[in-house]
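Q: I'll drop the sequence and a predicted model, then ask my questions.
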Amino acid sequence: MVHIDQIHEVFATDCVIDQTNFVKEYARFVALQPKYLDWYSEAKRSLIAANRKMKVLKLDVFKKYDEEPAKEDVPKEIRITGQWNPKTILKSNIPMYMDADEDLNQLQTQIDLLENRVNVLDSMRKTIQYMSNILNAMREERNYRDGG
């Protein structure tokens, strides 16, 4: 996947318009649309996959906090002294533990970055489409003025 900074650099150069030849620029902008659509589609697919992964991970983390720890996972000293309480986390506190879970937070950060990428690429894609429409109108207006 192309890094977002590289996408910004490419977009900055792609959007420079040669004002002396609107016909050529219109054709160039039409040809740019598939590139940005491909990047957008790739980012959208990655976002969908990450959201699916988040659903599975949330269930796994919930189960981790909801289940009683196995007796062999509890240190022997605690079991011997009788301080072992198998239900240490209340169900009402599970969301707090899930919010602090490192794996969930890392995946949520990835999802946030992917959402940003999708939004940026969607905006760029629409800008390219808008600019090609403007260039087409300018081309047609010039043809009309020139009698063509």
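A: Cool, the structure landed.

Q: what's the average pLDDT for the host helix or strand of residue 129?
A: Element membership for residue 129 (DSSP states H and E) is helix 102-145. Here helix 102-145 scores 94 as its mean pLDDT.

Q: what helices and strands are in contact with that helix?
A: Where contact means 3 or more Cβ pairs under 8 Å, 6 or more residues apart in numbering; DSSP states H and E, helix 102-145 is packed against helix 4-14, helix 22-66. Glycine gets a C-beta too; all of them are placed from N, C-alpha and C.

Q: got the angle for the first one vs helix 22-66?
A: Spelled out, that is helix 4-14. Counting by axes from the mean of the first three to the mean of the last three Cα atoms, to 10 degrees, helix 4-14 lies at 170 degrees to helix 22-66.

Q: which elements pack onto helix 4-14?
A: helix 102-145.

Q: now do the helix it packs on: distance to the chain's middle.
A: Chain-centre distance of helix 102-145: 14 Å, with Cα atoms, centre = their mean, to the nearest Å.

Q: deepest in the core, which of the helices and strands packed on helix 102-145 is it.
A: helix 22-66 (a mean of 15; mean count of other Cβ atoms under 10 Å).

Q: now render the helices and strands packed on helix 102-145 as TSV, adding distance to residue 92.
A: Shown next, in TSV, are those (distance: least, Cβ to Cβ, whole Å):
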stretch	distance to residue 92
helix 4-14	39
helix 22-66	12
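
Q: let's have these in CSV, adding mean pLDDT.
A: Putting the helices and strands packed on helix 102-145 into CSV (pLDDT from 0 to 100) gives the following:
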stretch, mean pLDDT
helix 4-14, 95
helix 22-66, 94
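
Q: can you show me the CA trace of stretch 45-53 as CSV?
A: Output of stretch 45-53 as CSV, limited to C-alpha atoms (Å, rounded to 0.1, in the frame of the first residue of the first chain):
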residue,chain,number,x,y,z
ARG,A,45,-10.7,-3.1,1.3
SER,A,46,-8.0,-2.8,4.0
LEU,A,47,-10.4,-0.8,6.3
ILE,A,48,-13.1,-3.4,5.9
ALA,A,49,-10.6,-6.2,6.7
ALA,A,50,-9.4,-4.3,9.8
ASN,A,51,-12.9,-3.8,11.0
ARG,A,52,-13.6,-7.5,10.7
LYS,A,53,-10.5,-8.3,12.6
